[in-house]
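Novice: Build me a structure from this.
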Amino acid sequence: MMNKQCIKLLAGSLLCSIPAFAEGGANAPSELSDPVALVLLVVIGGLLLAIAVLGNAVMGAMDIFREKMKKDAGKTLLVIGIVVTTLMSSSAFAQTSATAPAAANPYFSHLSQTSFYILVSVIVLELAVVISLLFLLRFLVGIQRKRKPAKAVVPGKPKVSWMEKLNNTKTVDAASEENEDMGHNFDGIRELNNPTPPWWKWGFAFTICFGIVYFWRTEISHSAPNQLEELAAAEAKAAESKAEYLKKAANKIDENNVTLLTDAGDITAGQKMFISNCAPCHGPQGQGVVGPNLTDDYWLHGGKINEVFKTIKYGVADKGMKSWQEDFSPKQLAQLASFIKSIHGSNPPNGKEPQGQKE
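Specialist: Numbers count the residues shown, from 1 in each chain. Here you go, the predicted structure:
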């Protein structure tokens, strides 16, 4: 009955202290509809319930340990003094906060600053009461921290290492092995009753739980990719990275690392560049006009792929051939040189007489 009356008294004082209830005007719906006010009121209600439960526990403990309280009257008075001081300081804090000037709360839309401070002060007061009741209950039931007495060392008892404690195993002497023997003997090796370590059991249980969650996410709910989907995504990402690398690496081709291109797309691209830029001097089929025939076995400046690439890139100024390195990229120069190598031995009509050295 006393706890119910206390709760009613606290609730009534709380409702009367909030301006939205005290005025009873049109402001009540606006402040109580604010989410912050509702959360604070729920916290206050929960703390009131905790105070009621702890109050009942304290009353029961006082009845049970009345004799102990009489013996430790000095300590009890000290605890009661601490509780009273805490409650008085909390009440003073609540009154100080309640007298703060009413102003618009800069952080919340509907809840005024006065109402907010009052609700927070009530929560602080209730927390102080809860802590005080817990401290008092702890004292009443005699739960006091005591230093554990040191364990007596038994002579002849083996010392347990931290590894044995971790694995929950134990070292036994020859006499105790008989009690731990499981009856399994193979080639002089006996099985003792040493159970599986706890960390292994918990790890095994964790893997089972992980497998269930993984199967649910990947195969049932499809909220996460499975291993095959992850592999496909990784391969696609790797292909994109490779293509980007090759795109950048194409401009790093020179006469030292150029290779013969055999892809049909590269040969076709080289043919288009040859007809547009090289045909006036070498003919559309490479048969030679002003320049030499590019389809026979004779070369003026070398017929290897790197030599052809170098001739196209730097030109031959004394024979009227310009340098094409400003007109074409290294990739295009490689395509053009590869096309020239592809028409070797085609024997076009009206081919120019051989020039240079045979290769």
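
Novice: In contact with C209, which residues?
Specialist: If you count contacts by Cβ atoms under 8 Å, 6 or more residues apart in numbering, C209 has none. Every residue, glycine included, has its C-beta placed from N, CA and C.

Novice: does it sit in a helix or strand, and which one?
Specialist: helix 198-215 (DSSP states H and E).

Novice: where do the strands sit along the chain?
Specialist: 181-186, 189-192, 298-299, 357-358 (DSSP state E).

Novice: Pull up the pairing partners for the second one, direction included.
Specialist: Strand pairing for strand 189-192, using DSSP bridges, gives strand 181-186 (antiparallel).

Novice: Go ahead and name everything in contact with the partner strand.
Specialist: R190, E191, L192, N193.

Novice: unless I'm mixing things up, the last one is touching E180, no?
Specialist: Think N193. Yes: with contact defined as Cβ atoms under 8 Å, N193 counts as touching E180 (4.5 Å).

Novice: Of the strands of the chain, flag the one that's most buried.
Specialist: Burial of those is given as mean neighbour count (mean count of other Cβ atoms under 10 Å); strand 298-299 ranks first at a mean of 18.

Novice: helices or strands next to it in the packing?
Specialist: strand 357-358 (3 or more Cβ pairs under 8 Å, 6 or more residues apart in numbering; DSSP states H and E).

Novice: Run through who's touching the strand it packs on.
Specialist: D297, Y298, W299, L300.

Novice: Run a quick neighbour tally on the residue nearest to F339 when sequence neighbours are not counted.
Specialist: Excluding the flanking residues, the one nearest F339 by Cβ to Cβ, 6 or more residues apart in numbering is G270, at 3.0 Å. The tally of other residues near G270 (other Cβ atoms under 10 Å) stands at 24.

Novice: per-residue confidence at G270?
Specialist: With respect to pLDDT, G270 scores 93.

Novice: what sits against it?
Specialist: G270 touches L261, Q332, Q335, L336, A337, S338, F339, I340, S342, counting by Cβ under 8 Å, 6+ apart.

Novice: Chain neighbours aside, what residue packs nearest to the last one?
Specialist: Counting by Cβ to Cβ, 6+ apart, S342 lies nearest to I267, which is 5.5 Å off, once chain neighbours are set aside.

Novice: quick one: that neighbour from V308, how far?
Specialist: Distance, I267 to V308, using Cβ to Cβ, to the nearest Å: 14 Å.

Novice: neighbour-wise, which of the two wins?
Specialist: More crowded of I267 and V308, by other Cβ under 10 Å: V308, with 25 against 16.

Novice: so that one sits right up against F339, yeah?
Specialist: No: here V308 lies out of contact with F339, judged by Cβ under 8 Å, at a distance of 9.9 Å.
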